[in-house]
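1. pasting the structure only:
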Ligand SMILES: C[S@@+](CC[C@H](N)C(=O)[O-])C[C@H]1O[C@@H](n2cnc3c(N)ncnc32)[C@H](O)[C@@H]1O
């Protein structure tokens, strides 16, 4: 299918009002003016050739590389490149390098070149046998992409990992969520989650009982220009009126450090607005005693049944439990992490 013949982008640009001819080998040619339009000989030279008009027609419709243009015109690449060089010197087209390929598009033209612009537009919108070749070239691009996808489906998990970046994915998820919410990051630490939470929410409350952790978190936000975070130095269990009702609460690797996790969850839910959600991320129950010194853990992770019970007792419904090992096969099963969540009933429930 042919690319729709959308009208040409606005031709307003930094195109000089009266340009000096930049055709190689003819420096003596002076710019000429025709009824108020600034156009020089190079423009007319550019237009005075059937192959170049064919190129302009195609480039009006689509950005194409030299190879594609050569195959549509059924000409050798050097010949096509030569013609493109003339058009580029006339500043009727511009090029862009993509690795070893050079792509061409129409150059934006100034208002004073309106006549030339209108001519190219009518050329681009006219029917011509080359448009069939253009359709084929574009189909080839789609087919190449599709064949590649078909070919690589089996190995995409490994290839995808080369591109995937957990921060980029988190940021994307943050931007996918509806905005306008208020979030509290309970036990924010150095604020590793704040760049994502602040992208997601109108306002974030970063809570921690450690002044030094909070100082780091503040520094991070300052460096990143994040200005929608309020920092509160307080124990979660003693927040009382230091936190307004929030739409979402996060406990990201915090619960294992809390003296009374069940009571802490119950307390946190007090700050959840009706319909709001609490999310806990932590390690699944394990037996690795070393965590006490490495992570300051008081608890060796949490079991699904236990956590779901606590969420229910805290007054949350629809609780869910997602073990990471089920989703990501690269996760060491001994270091499994879970994401659990529950919602506070809305005012009508
Ligand atoms: C392991 S760090 C995690 C920090 C951050 N959420 C992250 O994922 O990078 C746990 C943080 O929770 C804080 N914390 C632990 N218990 C807390 C409590 N009862 N009230 C407030 N902060 C607490 C600690 O000071 C520490 O900064």
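-> Everything's here; your move. Everything numeric in this text was worked out from a predicted model, so none of it was measured.
2. OK, contacts around residue 247?
-> Applying C-beta atoms under 8 Å, 6 or more residues apart in numbering, we find residue 247 in contact with 181-183, 201, 272-273, 275-277. The C-beta positions use only the backbone N, C-alpha and C, and glycine is treated the same way.
3. and if we set it to 7 Å?
-> Taking C-beta atoms under 7 Å, 6 or more residues apart in numbering, we find residue 247 in contact with 181-183, 273, 276.
4. sec struct for residue 190, please.
-> At residue 190 the chain is in coil, as set by DSSP: H, G, I helix; E, B strand; the rest coil.
5. the stretch 101-250 of the chain: helices as residue ranges?
-> Assigned by DSSP state H, counting those that start in this stretch, the helices in the stretch 101-250 of the chain fall at 114-125, 130-152, 156-163, 166-176, 194-200, 211-224.
6. one step back: separate out the buried members of the contacts of residue 247.
-> In the contacts of residue 247, burial by neighbour count holds for 181-183, 273, 276, counting by 16 or more other C-beta atoms under 10 Å.
7. out of the helices of the stretch 101-250 of the chain, which is closest to the ligand?
-> helix 211-224 (4.0 Å; C-beta to the nearest ligand atom).
8. give the buried residues for the closest one.
-> In helix 211-224, counting by 16+ other C-beta under 10 Å, buried: 213-214, 216-218, 220-221.
9. and that helix, anywhere near the ligand?
-> Yes. Applying C-beta under 6 Å from any ligand atom, one finds helix 211-224 touching the ligand at residue 213.
10. could I get the average pLDDT for that helix?
-> Taken as a whole, helix 211-224 carries a mean pLDDT of 98.
11. contacts for it?
-> Contacts of helix 211-224 (C-beta under 7 Å, 6+ apart): 188-191, 194-195, 206, 208, 229, 231, 233.
12. now flag whichever of those is closest to the ligand.
-> Lowest distance from the ligand to the contacts of helix 211-224 (C-beta to the nearest ligand atom) belongs to residue 189, with 2.5 Å.
13. quick check, that closest one in contact with residue 208.
-> Yes. With contact defined as C-beta atoms under 7 Å, residue 189 counts as touching residue 208 (6.3 Å).
14. of the two, which one has the most company?
-> The neighbour comparison of residue 189 against residue 208 (other C-beta atoms under 10 Å) goes to residue 208, with 25 against 19.
15. next to the ligand in this structure, residues from the protein, please.
-> With the criterion set to C-beta under 6 Å from any ligand atom, the chain comes near the ligand through 187-189, 192-193, 207-210, 213, 235-237, 252-254, 257-258, 295.
16. re the thing from before, what would the buried ones among the contacts of residue 247 look like in JSON lines with distance to residue 82 and pLDDT?
-> Output for the buried ones among the contacts of residue 247, formatted as JSON lines (distance: C-beta to C-beta, whole Å; pLDDT from 0 to 100):
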{"residue": "181", "distance to residue 82": "59", "pLDDT": "95"}
{"residue": "182", "distance to residue 82": "63", "pLDDT": "97"}
{"residue": "183", "distance to residue 82": "60", "pLDDT": "97"}
{"residue": "273", "distance to residue 82": "68", "pLDDT": "96"}
{"residue": "276", "distance to residue 82": "66", "pLDDT": "96"}
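17. between those, which is nearest residue 316?
-> Closest to residue 316 out of these is residue 276 (9.5 Å), distances taken as C-beta to C-beta.
18. isn't there a strand covering the closest one?
-> Yes. Counting by three-state DSSP, residue 276 is part of a strand.
19. what two of the buried ones among the contacts of residue 247 are the furthest from one another?
-> 183 and 273 (11.1 Å).
20. what sits in contact with each of the two?
-> Counting by C-beta under 7 Å, 6+ apart, the shared contacts of residue 183 and residue 273 are 246-247.
21. so residue 63 touches residue 103, yeah?
-> Yes. If you go by C-beta under 7 Å, residue 63 and residue 103 touch, sitting 5.2 Å apart.
22. low-confidence regions, the protein specifically.
-> Low-confidence segments of the chain (pLDDT under 70): 1-39, 331, 333.
23. distance check, the residue nearest the centre of it against residue 229.
-> Closest residue to the average C-alpha location of the chain: residue 172 at 6.5 Å, with C-alpha atoms, centre = their mean. Per C-beta to C-beta, to the nearest Å, residue 172 is found 20 Å from residue 229.
24. in stretch 339-349, what counts as buried?
-> For stretch 339-349, the neighbour count (16+ other C-beta under 10 Å) marks 340-344 as buried.
25. return the distance of it from the chain's centre.
-> Distance of stretch 339-349 from its chain centroid, counting by C-alpha atoms, centre = their mean, to the nearest Å, is 30 Å.
26. what do you get for stretch 135-148?
-> Centre-to-centre, stretch 135-148 and its host chain are 24 Å apart (C-alpha atoms, centre = their mean).
27. just stretch 92-101 next, same as before
-> Taking C-alpha atoms, centre = their mean, one finds stretch 92-101 lying 24 Å from the centre of the chain it belongs to.
28. wasn't residue 342 part of a strand?
-> Yes. Judged by three-state DSSP, residue 342 forms part of a strand.
29. look up how far the ligand lies from residue 60.
-> According to C-beta to the nearest ligand atom, to the nearest Å, residue 60 and the ligand sit 53 Å apart.
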